[in-house]
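Chemist: sequence plus the predicted model coming up.
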Amino acid sequence: MRHEHIIKGDNILLRPLNENDLETLMNWRNKDKIREWFLNNRVITKEEQIVWFERYISNNDDMMFIIEDTTLNLPIGVVALYNIDNTRNIAEFGRLMIGEEIARGKSIGYKASKLICHFAFSTLNMNEVYLSVLANNTPAINIYEKVGFKGTCNYIINDKDLIMMNIVR
């Protein structure tokens, strides 16, 4: 979904994903250390990324943000809200990845997660934000718990153990 929302935080900025970001996004997504944490963890092609982007911009319930480090003036990752349901006032959080090695270990994943949840509650008027995470992705789970997400259930998809978590306003 094309949107114009810009969210400012402590040394980071969340800005709309645009077509110029696609190659960078694909390169981040295809890194072994990143894609291992996705349900679909195979390497994606440029053509697949373009098809995905075309679907994304025509979808009215999906908001992707590029995370920029304002001290480095550099795009460093991505985060999203999707499956946005304005009838039930809920949205799914995900696609969080810090793609640039220079930005890892600096609490940027936490800061971006906190910012986008605040945005979901204050700007989009959501009552709940939920997510699914691989049960063995301890670093991500630690970030989500620090933001305030709580585990609600465990389940299995494609022989992978997942945890459903949520945070409510």
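Modeler: Sure thing, it's come through. Residues are numbered from 1 along each chain as shown.
Chemist: now Phe119. Nearest residue, chain neighbours left out?
Modeler: Spatial nearest neighbour of Phe119, chain neighbours left out: Ile7 (5.3 Å); criterion: Cβ to Cβ, 6 or more residues apart in numbering. Every C-beta, even on glycine, is put in place using the N, C-alpha and C of the backbone.
Chemist: that neighbour touches Phe65, doesn't it?
Modeler: Yes: counting by Cβ atoms under 8 Å, Phe65 is a contact partner of Ile7 at 7.0 Å.
Chemist: which neighbours do the two share?
Modeler: For the pair Ile7 and Phe65, residues contacting each of them under the criterion Cβ atoms under 8 Å, 6 or more residues apart in numbering are Leu14, Arg15, Ile116.
Chemist: helices of this protein, residue ranges please.
Modeler: Counting by DSSP state H, one finds helices in the chain at the ranges 22-29, 32-35, 46-58, 108-122, 138-147.
Chemist: which residues touch the last one?
Modeler: The set of residues that contact helix 138-147 without belonging to it, under Cβ under 8 Å, 6+ apart, is 37, 96, 109-110, 113-114, 117, 131, 133-134, 163, 165, 167.
Chemist: switch to 10 Å and redo it
Modeler: For helix 138-147, the external contacting residues (Cβ atoms under 10 Å, 6 or more residues apart in numbering) are 37, 93, 96-97, 104-105, 107-118, 129, 131, 133-135, 137, 149-151, 163, 165-167.
Chemist: buried subset of those residues, written for PyMOL?
Modeler: A single PyMOL command suffices to select whichever of the contacts of helix 138-147 are buried according to 16 or more other Cβ atoms under 10 Å:
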select buried, resi 93+96+97+108+109+111+112+113+114+115+116+117+129+131+133+134+149+163+165+166+167
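Chemist: Ile7 and Phe65: which has the busier surroundings?
Modeler: A count of neighbours by other Cβ atoms under 10 Å puts Phe65 above the other of Ile7 and Phe65, at 24 against 17.
Chemist: any idea which of the helices of the chain scores lowest on pLDDT?
Modeler: If the helices of the chain are sorted by mean pLDDT, helix 32-35 sits at the bottom with a mean of 87.
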